[in-house]
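Student: Fold the stuff below for me.
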Amino acid sequence: MLISKSSLFPKRKDTNIFKLEPKEGAGLFWDPCGGWVDPQDYQADREEIDKDFKKYEENPSLPQRNFYLFCIPLMLFGVLSAWQYDYLSQTMLNSEGGIRVYGLIGFFCFAAPAMYRRLVHSLQRDYIKKLLADKHQWLYNPYGGPGHWESLRHKFPEIFDKGTKKQKLYDEFWGTITDDRKTTLFYSSIFEYTVVSGSGKNRREHTYYQTIFAFKLKKSLKADFLLHPENGLRWFRWFSRKEIDTESDEFNRAFAFTYNGAKDEKALEIVKTLSPAVQTKLLDLKKTEKYFSFLFKEEAVIFATNGHLLPKMHTNFFKKVAIDPKDEEALQKRMHGILEIVGDIVPYLS
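Tutor: Numbering: from 1, shown residues only. Coordinates of the predicted model:
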């Protein structure tokens, strides 16, 4: 079937300490933790993506053929269950232990094709993002791990101190974005975390995903604050010292500020940060993003929004082993749309 162990079980970095270079140097990339990343640390992962993609590219019928082969046990299980239902009812299905065995067999028959399909979809996403990174000379790390999240949580708890377990970062980008005004260093990733609620039979787990962008400023901010959409309970804000109003009533109704310290110490710096043009773009962004927040802290601006960077994918290796141009275009458009807004904010902070 030409399926390597590395393809079925791709390696994941699981370090407890995220190591950064002590200072800037040639070929290194800025990271919001406070240091510089060496691209050689992730060279093996990127080469693994290329290797897997070329394998499918040279054998375009492989994904579909493998999927059908994985489906054979499931089809046999269904046929035998229907054909021998009376016999199974008298033997296996009339006892609790037999039902469990029958259920496990059915589960594994169903899981095999489902896992393979997920594997191929994961490779599609990884390769699309690697192509984008190569095109713009960005560093890309597909797998990530908890070590980097721990470092970011310690420095930026307002964004990363979420969930009760399984917190991790993956699909990480490090690079630069250049416009007519300046070149800005940035970092991007998908932040995944799980929230556990209740206990016993009422125990529930829900996994959330956020797309993260961080941008480096030229100097440290005088006022650290979090900008986020208003929760709708505007009357409650009158009891809070977090209220700061700009000249735009629409913006004031749409967004709220959270910060440390007295209002008088923060208000001027925060309002000065958000020009009328920036406010307009943030209002436009609110129409397309269901929920997002901006953290302005120290020498970084961090943008977080719910969902994946590429929520819908047109590429389908089961039909054609090639990247659909719509996916690359959509990914690039979303990234540059967010980068453009932050690019308008950064000059007011530098």
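
Student: any weak-confidence spans in the stretch 1-150 of the chain?
Tutor: 1-26, 81-103, 106, 145 (pLDDT under 70).

Student: hmm, 50 instead?
Tutor: Low-confidence segments of the stretch 1-150 of the chain (pLDDT under 50): 1-17, 22.

Student: pLDDT of stretch 217-235, averaged?
Tutor: For stretch 217-235, the mean per-residue pLDDT is 69.

Student: Name the nearest residue to L227, ignoring sequence neighbours.
Tutor: F294 (4.4 Å; CB to CB, 6 or more residues apart in numbering). Quick note: C-beta positions are derived from backbone N, CA and C, even for glycine.

Student: Pairing partners for the helix or strand harbouring the one you found, with directions?
Tutor: Under the criterion of DSSP states H and E, F294 resides in strand 292-297. Next to strand 292-297 in the sheet, as set by DSSP bridges, lie strand 225-229 (antiparallel), strand 300-306 (antiparallel).

Student: residues near the residue nearest to L227, how many?
Tutor: 23 (other CB atoms under 10 Å).

Student: for S275, same thing?
Tutor: 15.

Student: for H308, same thing?
Tutor: Other residues close to H308 by other CB under 10 Å number 15.

Student: Off-centre distance for stretch 122-129?
Tutor: 13 Å (CA atoms, centre = their mean, to the nearest Å).

Student: Output that stretch as PDB, nothing but the C-alphas.
Tutor: The C-alpha trace of stretch 122-129 is given here as PDB (Å, rounded to 0.1, in the frame of the first residue of the first chain):
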ATOM      1  CA  SER A 122      -3.700  17.000   7.200                       C
ATOM      2  CA  LEU A 123      -1.000  16.600   4.500                       C
ATOM      3  CA  GLN A 124      -3.000  18.800   2.200                       C
ATOM      4  CA  ARG A 125      -3.200  21.600   4.700                       C
ATOM      5  CA  ASP A 126       0.500  21.200   5.600                       C
ATOM      6  CA  TYR A 127       1.700  21.400   2.000                       C
ATOM      7  CA  ILE A 128      -0.500  24.400   1.200                       C
ATOM      8  CA  LYS A 129       1.000  26.300   4.100                       C
END
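
Student: Tell me the spacing between the residue nearest to L227 and D52.
Tutor: Look at F294 and D52: by CB to CB, to the nearest Å, they are 36 Å apart.

Student: tell me the contacts of E57?
Tutor: 321-322 (CB atoms under 8 Å, 6 or more residues apart in numbering).

Student: How many neighbouring residues does the nearest residue to F225 once chain neighbours are set aside have?
Tutor: Using CB to CB, 6+ apart and skipping the chain neighbours, the partner closest in space to F225 is Y259 (3.8 Å). The number of residues packed around Y259, counting by other CB under 10 Å, is 20.

Student: pretty sure Y259 contacts L227?
Tutor: No. In this structure Y259 lies outside contact range of L227 using CB atoms under 8 Å: 9.5 Å.

Student: so who does the residue lying closest to K216 once chain neighbours are set aside touch?
Tutor: Excluding the flanking residues, the one nearest K216 by CB to CB, 6+ apart is L185, at 4.1 Å. For L185, the contact set (CB under 8 Å, 6+ apart) comprises 29-30, 175-176, 215-216.
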